[in-house]
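In: what's the 3D shape of this:
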Amino acid sequence: MQPLLEVRELRTHFELGDGVVKAVDGVSLTVPRGRTLAVVGESGCGKSVTARSILRLVERPARIVGGQVLLYDDESGKEPLDLLAAKDKRLREVRWADIAMVFQEPMASLSLVHTIGDQIVEAVRLHENVGKQAARERAIEMLGRVGIPDPQRRVDAYPFELSGGMRQRAMIAMALSCRPRLLIADEPTTALDVTTQAQILDLLQDLQQEFGMAIMLITHDLGVAAQVADEVAVMYLGEVVEQGPASAVLSKPKHPYTQALVRSVPRLGASSQDRLVAVRGTVPPPYERPSGCRFHPRCDAFMTDKCDRIVPARVRSDEIDVACLLYGEGER
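Out: Here you go, the predicted model:
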């Protein structure tokens, strides 16, 4: 099946005074139509920068230096649009209308001096030829859809008048106001309590079924990925080291890094004798990237004399794409 979005060898670097930080260094992944892809990994692995790079939302000193981000049309046979090569006007048309994004912290993304309703109205009117009253009615409808009580009153509220969960729901309402084909959600539940987290995840799944949209979910929580994802992409130090169906990646992971992540997650019903095993070490500093396989300094069980010399290519093993010399020696 043709994907909705295909990222090929995406590279985003931060050009700093001390050198170049390769935050995203050859990321390749696909987002299936109407399904959920969870992008997982530790903090500092480049997940959020990847998400922002897709819509060209990175700012200096960050710079996208290579790759393609292909958005496929619903009509078969049409050439995909490369978002990295698109002109600014065309890219503005794609944002919100085709791809919308929910950021990690709503207070950093919403205007504090405009009401929630005004911000949704602006997004709708930028992309659709509708009047102000019709756009306001759309805003009220979307606030109700995302579970905000009394939307006719809350549409005139300012962000600081809402709780954290309500602000996140308002951000989701704004993102979905133009019925996008893809929603990118960057850690949408991180700052929320457990109950509100579950409500937001259920809401995203309900809206996905209603609108038929795809979701790219950025998260460090494998439990969240297991709950909502159809596919999982695992990132480490700026690249995707494993991607495949969530059931396969999380139950029988191929890459040693994914295996370590899975072992570190607590499980219901586990024996008291089953101890959690933390992933050894930490993500290396940005200026001290290992040679060869980037995970090899933290890999205990599988390291060979080639791991510090050869950069493994992603190969197909069963139904999973994995970048590890255990499954092939083709150098990327």
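
In: Check which helices and strands the helix or strand bottoming out on mean pLDDT in the chain sits against.
Out: Sorting the helices and strands of the chain by mean pLDDT, DSSP states H and E puts helix 106-109 at the bottom, at a mean of 72. Helices and strands in packing contact with helix 106-109 are listed as helix 164-176; criterion 3 or more CB pairs under 8 Å, 6 or more residues apart in numbering; DSSP states H and E. To be clear about C-beta, it is placed using only N, CA and C from the backbone, and glycine gets the same treatment.

In: The helix it packs on: which residues count as buried?
Out: By neighbour count, and taking 16 or more other CB atoms under 10 Å as the criterion, the buried residues in helix 164-176 are 165-176.

In: which other residues reach it?
Out: In this structure, residues lying in contact with helix 164-176 by CB atoms under 8 Å, 6 or more residues apart in numbering are 96, 100-103, 106-107, 109-110, 116, 119-120, 123, 139, 142-143, 145-148, 154, 159, 162, 183, 188-189, 191-193, 196, 199-200, 203-204, 207, 211, 213.

In: Next: stretch 295-309.
Out: When contacts are defined by CB under 8 Å, 6+ apart, stretch 295-309 is touched by residues 236-237, 241, 255-257, 260, 279-281, 284, 290-293, 324-326, 329.

In: and the helix or strand hosting residue 11, how far out from the chain's middle?
Out: When elements are defined using DSSP states H and E, residue 11 is found to belong to strand 5-16. When distances are taken as CA atoms, centre = their mean, to the nearest Å, strand 5-16 is centred 14 Å away from the chain's centroid.

In: so the helix or strand immediately after that strand in the chain versus strand 5-16, what angle?
Out: With elements assigned by DSSP H and E, the helix or strand that comes after strand 5-16 is strand 19-31. In terms of direction (axes from the mean of the first three to the mean of the last three CA atoms, to 10 degrees), strand 19-31 departs from strand 5-16 by 170 degrees.

In: mind listing what's buried in strand 19-31?
Out: Along strand 19-31, these residues count as buried under the neighbour rule (16+ other CB under 10 Å): 21-31.

In: Tell me the one of the buried residues of helix 164-176 nearest residue 67?
Out: For residue 67, the closest of these turns out to be residue 175, at 24.3 Å, with distances computed as CB to CB.

In: The helix or strand containing residue 137 versus helix 164-176: what angle between them?
Out: Element membership for residue 137 (DSSP H and E) is helix 132-145. Regarding helix 132-145 and helix 164-176, their directions subtend 130 degrees when assessed with the same axes, to 10 degrees.

In: On the C-terminal side of helix 132-145, identify the next helix or strand.
Out: helix 151-154.

In: Please save the CA atoms from the following helix or strand past the least confident helix or strand of the chain in CSV.
Out: Sequence-wise, the next helix or strand downstream of helix 106-109 (DSSP H and E) is helix 116-127. Output in CSV follows, covering the C-alpha atoms of helix 116-127 (Å, rounded to 0.1, in the frame of the first residue of the first chain):
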residue,chain,number,x,y,z
ILE,A,116,-8.8,30.0,21.8
GLY,A,117,-11.7,30.6,19.4
ASP,A,118,-9.9,33.5,17.5
GLN,A,119,-6.9,31.2,17.0
ILE,A,120,-9.0,28.4,15.5
VAL,A,121,-11.0,30.9,13.4
GLU,A,122,-7.7,32.2,12.0
ALA,A,123,-6.5,28.8,11.0
VAL,A,124,-9.7,27.9,9.3
ARG,A,125,-10.0,31.2,7.4
LEU,A,126,-6.4,30.9,6.2
HIS,A,127,-7.1,27.6,4.4
